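Enquirer: kindly return the folded structure for what I paste below:
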Amino acid sequence: MQAQPAFPDSAVPKTNSRRLLGRFFVWLPLLTLTLLTTGCKKDDDKSDDPTPAASAGREVKYEVTGNYTGTFTIVYSNASGGFETLEDVRLPWSKTVTLDAGNNTAAFNAGATMRTPGVPGQTATARIYTNGTERGNSTGTANSDGYIVSLSPPGVSL
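Expert: Here you go, the predicted model:
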């Protein structure tokens, strides 16, 4: 008697390696950035103090612009410090959040989706602002396959 496989062929999940690779390129820079910005807190930081000085200047704007005609997956930190993911985003795109009192960092990443590439040579720029002042940017150019692998402006600490 032959042993039966644990899962019949129809039950084995199929994955799209290009999609997984695309998600890897979106999450890896964001995770690295988050670990770097959240691990650099001073011992005398009174960020839990809800005084007006601690809560002032909490507006963060994320923005991606350019002539890139493909779509992006965008991951950004929300008001509470968690992450939001948006799929199939077309340019231009922006999102403004007001950070909660206990959240002192903001970061985001944009990576081209594998489903909808742009045209080789097209560009996009990701920018992060706090209180209307640009704090960082990252520009990318679509490769020969029409993909901008990752736009990852530096995160900010408030």
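Enquirer: and the nearest residue to Gly146 once chain neighbours are set aside, what does it touch?
Expert: Leaving out its chain neighbours, the residue that sits closest to Gly146 by Cβ to Cβ, 6 or more residues apart in numbering is Pro117, at 3.2 Å. (C-beta placed from N, C-alpha, C; glycine too.) If you count contacts by Cβ atoms under 8 Å, 6 or more residues apart in numbering, Pro117 has them with 70, 142, 145-147.
Enquirer: which of those residues are buried?
Expert: For the contacts of Pro117, a burial check counting by 16 or more other Cβ atoms under 10 Å picks out 70, 142, 146-147.
Enquirer: still on that earlier bit, state the distance from the residue nearest to Gly146 to Ile148.
Expert: Per Cβ to Cβ, to the nearest Å, Pro117 is found 9 Å from Ile148.
Enquirer: ok, back up a step: quick one: the residue nearest to Gly146 from Thr98, how far?
Expert: Plainly put, Pro117 is 34 Å away from Thr98 if you go by Cβ to Cβ.
Enquirer: name the nearest residue to Pro154, ignoring sequence neighbours.
Expert: Here the residue nearest Pro154, using Cβ to Cβ, 6+ apart, is Gly136, at 3.9 Å.
Enquirer: hmm, Pro153 and that neighbour touching each other?
Expert: Yes. Between Gly136 and Pro153 there is a contact under Cβ atoms under 8 Å: 4.0 Å.
Enquirer: who has more neighbours, these two?
Expert: Pro153 (25 against 15; other Cβ atoms under 10 Å).
Enquirer: coming back round to it: could the contacts of Pro117 go into CSV alongside secondary structure?
Expert: Formatted as CSV, the contacts of Pro117 follow (DSSP: H, G, I helix; E, B strand; the rest coil):
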residue, secondary structure
Gly70, coil
Ala142, coil
Asp145, coil
Gly146, coil
Tyr147, coil
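Enquirer: farthest-apart pair in the residues you listed, please.
Expert: Greatest spacing in these, by Cβ to Cβ: Gly70 and Asp145 (10.1 Å).
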